[in-house]
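J.: Show me the folded form of this:
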Amino acid sequence: MIRLNIIVEGQTEETFVRDLLAPHLGEHQVFTVARCVETGRRKQRIYRGGLVSYAKARQDILRWLSQDPQALVSTMFDYYALPDDFPQPAVLRGGTPILEWVAMLEAALAADIGGGSRFVPYIQAHEFEALLFSDVDATSQVLGASPAQLQQLQKIRGDFETPEHINDSRETAPSKRLIQLFPAYDKTFFGPAAVSRIGLAAVRRECTHFASWLTRLERLSV
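T.: Below you'll find the model as predicted:
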């Protein structure tokens, strides 16, 4: 049995790993746990959740690699709103397609952390909510969408090559689009619930970057 520790951005991703990803990887003999990234310490108390600083995330990654030397470590961070101090590729993005650029950011992260094969970086393009667009019919059921809201979800999905291409501005990131349609949208509750309804098979089929990460994790025990 391989042990895998995943440092995630927040409670939404932590719930997703615990309830959906970990049981799936367990079938591949990969025992998986997740915890939110550390954001600070004060008076012997540890604060977690929210990628506010890469320097703090870096310390957390290195600490877990050191504390659990027999386990592998991965990440699940959103590309949207990465902190300014996050490791960058040696070249400017320019016209590099988003999925290629995210892969280059992961490589830069791996180079900065080290850890060899024990560290498996992953950055979600553009953010966790992109996964909810893998099957908008299933997402609409979880969110209690009206026919008009479902139609809007279908239009958003149809406007992009894949869910991972839905863009990342303050107004048009996947989560912002969901909030515009569903003002009561609660990421920590509806996000994991919707992805669970969709299922990993559909997410894997629709989101190629996520699929590559999932395949890599499944093969850790091979």
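
J.: In this protein, where's the longest helix?
T.: In the chain, taking DSSP state H as the definition, the longest helix is helix 98-113.

J.: residues making contact with that helix?
T.: Residues outside helix 98-113 that contact it (CB atoms under 8 Å, 6 or more residues apart in numbering) are 58, 61-62, 65, 75, 79, 82, 86-89, 91, 93, 96, 119, 121-123, 125-126, 164-165, 208-209. The C-beta positions use only the backbone N, C-alpha and C, and glycine is treated the same way.

J.: I'd like the next helix or strand past the worst-scoring helix or strand of the chain on mean pLDDT.
T.: None of the helices or strands of the chain scores lower by mean pLDDT, DSSP states H and E than strand 45-48, at a mean of 64. Downstream of strand 45-48, the first helix or strand assigned by DSSP states H and E is helix 54-67.

J.: Dihedrals phi and psi, Val73?
T.: Backbone torsions of Val73, given as degrees, to the nearest 10, read phi -130, psi 140.

J.: Isn't it up against Leu62?
T.: No. Look at Val73 against Leu62 with CB atoms under 8 Å: they stay out of range, at 9.2 Å.

J.: When those two are compared, which one has more neighbours?
T.: Val73 (22 against 16; other CB atoms under 10 Å).

J.: Distance check, the more buried one against Gln67.
T.: Distance from Val73 to Gln67, counting by CB to CB, to the nearest Å: 10 Å.

J.: do the same with Pro83
T.: Going from Pro83 to Gln67 by CB to CB gives 23 Å.

J.: the more surrounded of these two?
T.: When neighbours are counted by other CB under 10 Å, Pro83 comes out ahead of the other of Pro83 and Gln67, with 14 against 9.

J.: which residues touch that one?
T.: Neighbouring residues of Pro83 by CB under 8 Å, 6+ apart: 51-54, 57.

J.: can you give me the end-to-end distance of stretch 169-183?
T.: Using CA to CA, to the nearest Å, one end of stretch 169-183 lies 18 Å from the other.

J.: Residues touching it, excluding its own?
T.: Stretch 169-183 has contacts (CB under 8 Å, 6+ apart) with 80, 126-130, 132-133, 143, 145, 149, 152-153, 156, 163, 166-167, 185, 187, 190.

J.: Can you tell me which of these are buried?
T.: Among the contacts of stretch 169-183, those scoring as buried are 80, 126-130, 132-133, 143, 145, 152-153, 156, 163, 166, 185, 187, 190 (criterion: 16 or more other CB atoms under 10 Å).

J.: can you tell me which of the residues you listed are in helices?
T.: 143, 152-153, 156, 187, 190.

J.: Closest one of these to Phe31?
T.: Using CB to CB, Lys187 comes nearest to Phe31 of these, at 26.7 Å.

J.: Give me the pLDDT value at the closest one.
T.: According to the prediction, Lys187 has pLDDT 92.

J.: Just to confirm, what's the three-state secondary structure of Lys39?
T.: In this structure residue 39 is Thr, not Lys. Recorded secondary structure, Thr39: strand (DSSP: H, G, I helix; E, B strand; the rest coil).

J.: give me the number of residues near it?
T.: 16.

J.: now the spatially closest residue to Gln59 that is not a sequence neighbour, which residues is it bridged with?
T.: Nearest non-adjacent residue to Gln59, counting by CB to CB, 6 or more residues apart in numbering: Glu38, 7.2 Å away. Counting by DSSP bridges, Glu38 is bridged to Arg48.
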